[in-house]
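**Student:** Sequence below, structure please.
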Amino acid sequence: MSAHFQYCPQCATPLQMRVEQEDGGPRERLRCPACNFTHWNNPTPVLAAVIEYQGKVLLARNVAWPGKMYALITGFMEAGESAQEGIAREIAEETALATTALNLLGVYDFQRMNQVIIAFHAVCEGEVKLSPELVDYRLYDMEDVKCWPAGTGYALADFLRSRGHEPVFIDPVWRADAEKLAT
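**Tutor:** Numbers count the residues shown, from 1 in each chain. Sure, this is the predicted structure:
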């Protein structure tokens, strides 16, 4: 992400990688030599939902994804909303489903994308109508759904364990492709 952040947002001076003393010791970061602005490059919070719909797990496929990868509904928080409000909004925007119950599954590291995933179990109802960013969805019995060894795949695995199912992960050889597709 830092490669795209080239200029200081305060004074427009080109940023430079510079080492400075911080509370935890010396740290190299993008910094402005003119006004001392620091680009912290903090992880972005991403919301995710394991949607339980009609007693099954709903996974969706993004229109931009090649192949047949299906994953959780995800999205970014908006300013002024809680994580719970944000994921309920994302579910409604992407599937037109109403969320009737929402419980935190956990918080998951996704360093490759510099993200922190806040994942929920959402019980939903209504009629699925996909947004233009999704091309398809599938409903899986809990014993049949496969997890992927990346970000949201671990949230799905934790959900399955909470329901008494030992998760099965897709072939690790496929990991690089799965990480590119699933957050």
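
**Student:** Every contact and neighbour count from this point should use C-alpha atoms.
**Tutor:** Will do.

**Student:** Bridged to residue 136, which residues?
**Tutor:** residue 61 (DSSP bridges).

**Student:** Going forward, count from 15.
**Tutor:** Noted, 15 is the first residue going forward, which turns the last one into residue 150.

**Student:** show me the contacts for it.
**Tutor:** 74-76, 144 (C-alpha atoms under 8 Å, 6 or more residues apart in numbering).

**Student:** Mind jotting down where the strands sit in the chain?
**Tutor:** 30-36, 39-45, 52-53, 58-67, 70-76, 87-90, 112-124, 129-139, 148-154, 160-161, 182-183 (DSSP state E).

**Student:** The fourth one pairs with which strands?
**Tutor:** For strand 58-67, the paired strands and their directions (DSSP bridges) are strand 70-76 (antiparallel), strand 87-90 (antiparallel), strand 129-139 (parallel).

**Student:** want to try TSV for these, with distance to residue 172, mean pLDDT and mean neighbour count as columns?
**Tutor:** Converted to TSV, those look like this (distance: least, C-alpha to C-alpha, whole Å; pLDDT from 0 to 100; neighbours: other C-alpha atoms under 10 Å):
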stretch	distance to residue 172	mean pLDDT	mean neighbour count
strand 70-76	13	97	21
strand 87-90	16	97	21
strand 129-139	10	97	22
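
**Student:** Pull the contacting residues for residue 71.
**Tutor:** 64-65, 153-156, 159.

**Student:** got those as a markdown table, with distance to residue 87, neighbour count and pLDDT columns?
**Tutor:** Formatted as a markdown table, those follow (distance: C-alpha to C-alpha, whole Å; neighbours: other C-alpha atoms under 10 Å; pLDDT from 0 to 100):
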| residue | distance to residue 87 | neighbour count | pLDDT |
| --- | --- | --- | --- |
| 64 | 7 | 27 | 98 |
| 65 | 8 | 25 | 98 |
| 153 | 13 | 17 | 98 |
| 154 | 14 | 16 | 97 |
| 155 | 17 | 12 | 97 |
| 156 | 17 | 19 | 96 |
| 159 | 15 | 19 | 95 |
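
**Student:** Distance to residue 52 added to those residues, as JSON lines?
**Tutor:** Shown next, in JSON lines, are these (distance: C-alpha to C-alpha, whole Å):
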{"residue": "64", "distance to residue 52": "36"}
{"residue": "65", "distance to residue 52": "39"}
{"residue": "153", "distance to residue 52": "45"}
{"residue": "154", "distance to residue 52": "46"}
{"residue": "155", "distance to residue 52": "48"}
{"residue": "156", "distance to residue 52": "46"}
{"residue": "159", "distance to residue 52": "43"}
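
**Student:** quick one: residue 171 and residue 184 touch, right?
**Tutor:** No - counting by C-alpha atoms under 8 Å, residue 171 sits too far from residue 184 to count as a contact (11.5 Å).

**Student:** between these two, what contacts are shared?
**Tutor:** Going by C-alpha under 8 Å, 6+ apart, residues that sit against residue 171 and also against residue 184 are residue 161.
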